[in-house]
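Novice: Provide a 3D model corresponding to the input given below.
(one chain, ligands or ions: 2)
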Amino acid sequence: MLKSLIIGTFLFFCQYRLVAQPQSGTELIRLNQIGFYSNAPKIAVVVGAIGEAQGTFQITTTDQKKVVFSGPLSAARTNPFSKKITHIADFSALVTPGTYVVNIPGIGHSYPFTIGINVHHAVATAALKGFYYQRASTALPAQFAGQWARSSGHPDTKVLIHPSAASVSRPAGSTISSPRGWYDAGDYNKYIVNSGITMGTLLSLYEDFPTFAKTLKTNIPESTNKIPDLLDEILWNLRWMLTMQDPADGGVYHKLTNPRFDGMVMPDKAGSPTRTDRYVVQKSITASLDFTAVMAQASRVFTAYNRELPGLSDSCLSAARNAWKWAEANPNALYKQTKMNDTFDPDVVTGSYEDRDASDEWIWAATELYVTTNDETYYNAVNLFPDTKTPLPSWPQVRTLAYYTLARSGKTLTDAGKKDRLKVMQHLRSAADSLLSGADKQAFQTVMGKSANDFIWGSSAEAANQGIALIQAYRYTDSPNRKAYLRYALGNLDYLLGRNAVGYSFVTGFGAKTPMHPHHRPSIADGIAEPIPGLLSGGTNANAARQDKCTGYTSTVADEVYLDADCSYASNEIAINWNAPLVYLAAALEALQKNLTGY
Ligand code: 9MR
Ligand code: 9MR
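Specialist: Ligands and ions are numbered 1, 2, ... in the order given. Take a look at the predicted model:
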């Protein structure tokens, strides 16, 4: 434990040194720029044709004086999107801890990386700390935020009821208090739908790896209390979410937002001086159901902390039940922003998180309520298996979060749940098998990027969520491919940290080549060269140029459309629903690192 903390701290400082003084290295060698577990697979990818004579690679000390390993490059592979040639350098057999580079005579050497234990602990911790930096309604003192200390913004203690949200007890123009929560992304608004999947992912990390979760120490104001930092961070947003429910009927407002996006300014400089331009808008079915699921899950998690947080678990459960009741009475209350703007003023143009289909939100809400209460009425209200698919979780598609919860809750389920759980296993297994299929032959040998459809807005979260899906199948199925699932989950973390077609580690502050200009208001406005660390860039997005119209994209190839510029909100924003699966993936692999042997 102490050893892991020391090593984690050491790596933390190494990485910050890397950011301050980027190390030279050839961009032609793509690899996880942070490190590799001694006992696990280790792969680098060379992009571009190599001469016959140079078909070998070496691993050397960073000064390149001592060769510690050498091996043959793989046969050429062709990237299906760009048609570029790649070769794989597999140095899995090198297990000796140290800091090295990949060296390919005639091509150059890579950025430095380490081999050892706990190599991703610092990434996992920083990604969780990223949520602290997203906190609304509070100052971030230097003691916790270092050079990114800032003043408080968006108090949200007098938030207007938008005419679309008016009710008898809360007429348009009256105010409610709705402080705290995390800013959604590069913008300063707070959206329940996106908070839903984010909270579900973080709460699941706690439920899946409770012992490991306690080792994530983020140095936040609550770090000295008896609650793990992960749960303290979750509480910041949970308390905000609770204020988004109308006590009169249980319905949940879709979002708390300005009518228009704030300028590129620090939180305390945003909005008018009187700060009376924040609204809650219409209650929606998707917000109410996502809220139900989160509160039901939170109720389970916080029962263990009844002494520290008296009444919280019970409050969460009654909030969940009331939101569910509202949903039953208002099944058609989809949020449609354009329609809302046709009817009400002021118009609201911020993130809409619109969804045409709430059937997956019903499944998730029903399952979490059922698992928390054992009450089959909730469970029987939905069809858990509308088809044979296991869709990858994303903000508009949360069905599979229900499957993860059933998988994890085996022993405590009633017979009906136990029976369905067997079906869930099949879903998890076939989803993992189809992710795995053909990955070993890919240009970057990753699950991520097998299909051009992976490269959507927020593709980094696709990679992270694929990794999580593989980890669930590793944990809960008895497939003969189990070990490969875990290995390829690690491969997707390697993707996020640099083994990809653009050669970036997409996590700010981590790696030699990492985003310096995310579309993130504090990082843009604070006058500090380094962006706020631990934030996951949305990453490569085939349609980004068309979506944000930023000039400077240099490629139209699906896996290459990425631009590290702050105008590029479609490829280089950060967002809480992307950071959460990064926290999960990095933390879960840290927790499971010993099991990566035997490939
Ligand atoms: O900053 C906004 C970002 O958070 C959103 O993801 C994005 C898409 O909704 O919009 C950004 O705001 C831009 C707006 O859409 C158009 N005018 C410029 C704004 C800032 O770049
Ligand atoms: O993540 C969202 C993505 O799926 C959508 O295509 C995109 C455009 O609607 O919006 C993304 O979410 C943004 C939200 O609307 C506003 N805050 C920033 C979010 C990340 O870019």
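
Novice: get me the contact residues on the stretch 251-400 of the chain for ligand 2.
Specialist: Within the stretch 251-400 of the chain, the positions near ligand 2 by CB under 6 Å from any ligand atom are Gly351. Bear in mind the C-beta positions are built from the backbone N, C-alpha and C, glycine included.

Novice: which parts of the stretch 251-400 of the chain are helices?
Specialist: For the stretch 251-400 of the chain, the helices defined by DSSP state H, counting those that start in this stretch cover 285-302, 312-329, 337-343, 359-373, 376-380, 399-408.

Novice: which residue is the nearest non-sequential neighbour of the residue of the stretch 1-150 of the chain found nearest ligand 1?
Specialist: Here the stretch 1-150 of the chain gets closest to ligand 1 at one residue, Gln134, 12.5 Å apart by CB to the nearest ligand atom. Once flanking residues are discounted, Gln134 sits nearest to Trp182: 4.0 Å by CB to CB, 6 or more residues apart in numbering.

Novice: which residues touch the one you found?
Specialist: By CB atoms under 8 Å, 6 or more residues apart in numbering, Trp182 lies in contact with Phe131, Gln134, Arg135, Ala136, Lys190, Ser195, Thr198, Trp236, Asn237, Ile576.

Novice: name the residue of this structure that lies nearest to ligand 2.
Specialist: Closest point on the chain to ligand 2, by CB to the nearest ligand atom, is Gly351, at 2.4 Å.

Novice: return the residues of the stretch 101-250 of the chain in contact with ligand 2.
Specialist: Contact residues (CB under 6 Å from any ligand atom) of the stretch 101-250 of the chain with ligand 2: Asp184, Ala185, Asp187.

Novice: now tabulate those residues in CSV and tack on secondary structure and neighbour count.
Specialist: Listed next are those as CSV, based on DSSP: H, G, I helix; E, B strand; the rest coil; neighbours: other CB atoms under 10 Å:
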residue, secondary structure, neighbour count
Asp184, coil, 26
Ala185, strand, 26
Asp187, coil, 21
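
Novice: tell me which of these is nearest to Ala122?
Specialist: Among those, Ala185 lies closest to Ala122 (CB to CB), at 23.2 Å.

Novice: circling back: right, and the residue of the chain closest to ligand 2 touches Tyr188 too?
Specialist: No: look at Gly351 against Tyr188 with CB atoms under 8 Å: they stay out of range, at 11.0 Å.

Novice: which of the two has more neighbours?
Specialist: Using other CB atoms under 10 Å as the criterion, Gly351 and Tyr188 rank with Tyr188 on top: 24 against 19.

Novice: the more buried one looks like it's in a helix, true?
Specialist: No: Tyr188: not assigned to a helix; according to DSSP: H, G, I helix; E, B strand; the rest coil it is coil.

Novice: show me what contacts it?
Specialist: Contacts of Tyr188 by CB under 8 Å, 6+ apart are Ala136, Gly153, His154, Asn258, Asp262, Pro267, Ala270, Arg521.

Novice: and ligand 1, which of those residues contact it?
Specialist: Among the contacts of Tyr188, ligand 1 is touched by none when using CB under 6 Å from any ligand atom.

Novice: by neighbours, which of those wins?
Specialist: Among the contacts of Tyr188, the one with the most neighbours (other CB under 10 Å) is His154, at 26 neighbours.

Novice: that's a helix at that residue, yeah?
Specialist: No: assessed with three-state DSSP, His154 is coil; it does not lie in a helix.

Novice: quick one, what contacts it?
Specialist: By CB under 8 Å, 6+ apart, the neighbours of His154 are Ala136, Ser137, Tyr183, Tyr188, Pro267, Ala270, Gly271, Arg275, Arg278.

Novice: farthest pair within those residues?
Specialist: So, the contacts of His154 by CB to CB: farthest apart are Tyr183 and Arg275, at 15.2 Å.

Novice: where does pLDDT dip in the protein?
Specialist: The model of the chain has pLDDT under 70 over residues 1-23, 52-54, 272-276, 598-599.

Novice: one step back: compare Tyr183 and Arg275 (neighbour count), which wins?
Specialist: Between Tyr183 and Arg275, counted using other CB under 10 Å, the more crowded position is Tyr183 (25 against 16).

Novice: isn't the residue of the stretch 1-150 of the chain closest to ligand 1 up against Asp187?
Specialist: No: using CB under 8 Å, Gln134 is not in contact with Asp187, being 10.8 Å away.

Novice: all the helices of the stretch 1-150 of the chain, residue numbers only.
Specialist: 2-20, 121-133, 142-145.

Novice: quick one: list the elements packing against the shortest one.
Specialist: Helix 142-145 sits against helix 121-133, with contacts defined as 3 or more CB pairs under 8 Å, 6 or more residues apart in numbering; DSSP states H and E.

Novice: so which elements touch the biggest helix by length in the chain?
Specialist: Taking DSSP state H as the assignment, the helix of the chain that covers the most residues is helix 415-436. Where contact means 3+ CB pairs under 8 Å, 6+ apart, helix 415-436 is packed against helix 376-380, helix 399-408, helix 459-476, helix 482-496.

Novice: single out the most deeply packed of those helices.
Specialist: Highest mean neighbour count among the helices and strands packed on helix 415-436 (mean count of other CB atoms under 10 Å): helix 459-476, with a mean of 27.

Novice: and that one, does that touch ligand 2?
Specialist: No: judged by CB under 6 Å from any ligand atom, helix 459-476 and ligand 2 are separated, with a smallest distance of 8.2 Å.

Novice: who are the contact partners of the residue lying closest to Phe57 once chain neighbours are set aside?
Specialist: Leaving aside its chain neighbours, Phe57 sits nearest to Ala89 (4.3 Å; criterion: CB to CB, 6+ apart). Shown in contact with Ala89 (CB under 8 Å, 6+ apart): Ile29, Ile43, Ala44, Val45, Val46, Phe57, Gly71, Leu73, Ser74, Val102, Ile104.

Novice: and the residues you listed as JSON lines, adding neighbour count?
Specialist: Converted to JSON lines, the contacts of Ala89 look like this (neighbours: other CB atoms under 10 Å):
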{"residue": "Ile29", "neighbour count": "25"}
{"residue": "Ile43", "neighbour count": "22"}
{"residue": "Ala44", "neighbour count": "25"}
{"residue": "Val45", "neighbour count": "28"}
{"residue": "Val46", "neighbour count": "26"}
{"residue": "Phe57", "neighbour count": "27"}
{"residue": "Gly71", "neighbour count": "15"}
{"residue": "Leu73", "neighbour count": "20"}
{"residue": "Ser74", "neighbour count": "16"}
{"residue": "Val102", "neighbour count": "28"}
{"residue": "Ile104", "neighbour count": "22"}
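
Novice: ok, and which of those reach ligand 1?
Specialist: Within the contacts of Ala89, nothing lies near ligand 1 by CB under 6 Å from any ligand atom.

Novice: name the nearest of those residues relative to Gln64.
Specialist: Val102 (10.5 Å).

Novice: the closest one contacts Leu31, correct?
Specialist: Yes: using CB under 8 Å, Val102 is in contact with Leu31, at 6.6 Å.

Novice: which neighbours do the two have in common?
Specialist: By CB under 8 Å, 6+ apart, the residues touching both Val102 and Leu31 are Ala44, Ser110.

Novice: test my guess that Ala431 contacts Thr477.
Specialist: No: using CB under 8 Å as the test, Ala431 is too far from Thr477 to be in contact (10.1 Å).

Novice: okay, now the domains of this protein?
Specialist: Per automatic domain parsing, the structural domains of the chain span 1-119, 135-140+154-429.

Novice: for ligand 1, what's its nearest residue on the stretch 451-599 of the chain.
Specialist: For the stretch 451-599 of the chain, CB to the nearest ligand atom, closest residue to ligand 1: Tyr569, 4.4 Å.

Novice: residues contacting that residue?
Specialist: Gly186, His519, Gln547, Asp548, Cys550.

Novice: now swap in His120 and tell me
Specialist: His120 sits in contact with Ile34, Gly35, Leu493, Ala586, Leu589, Glu590, where contact means CB under 8 Å, 6+ apart.

Novice: OK, contacts around the residue in the stretch 201-350 of the chain that ligand 1 sits nearest to?
Specialist: Residue nearest to ligand 1 within the stretch 201-350 of the chain (CB to the nearest ligand atom): Phe261, separated by 4.4 Å. Phe261 makes contact with Asp187, Asn189, Val349, Thr350, according to CB under 8 Å, 6+ apart.
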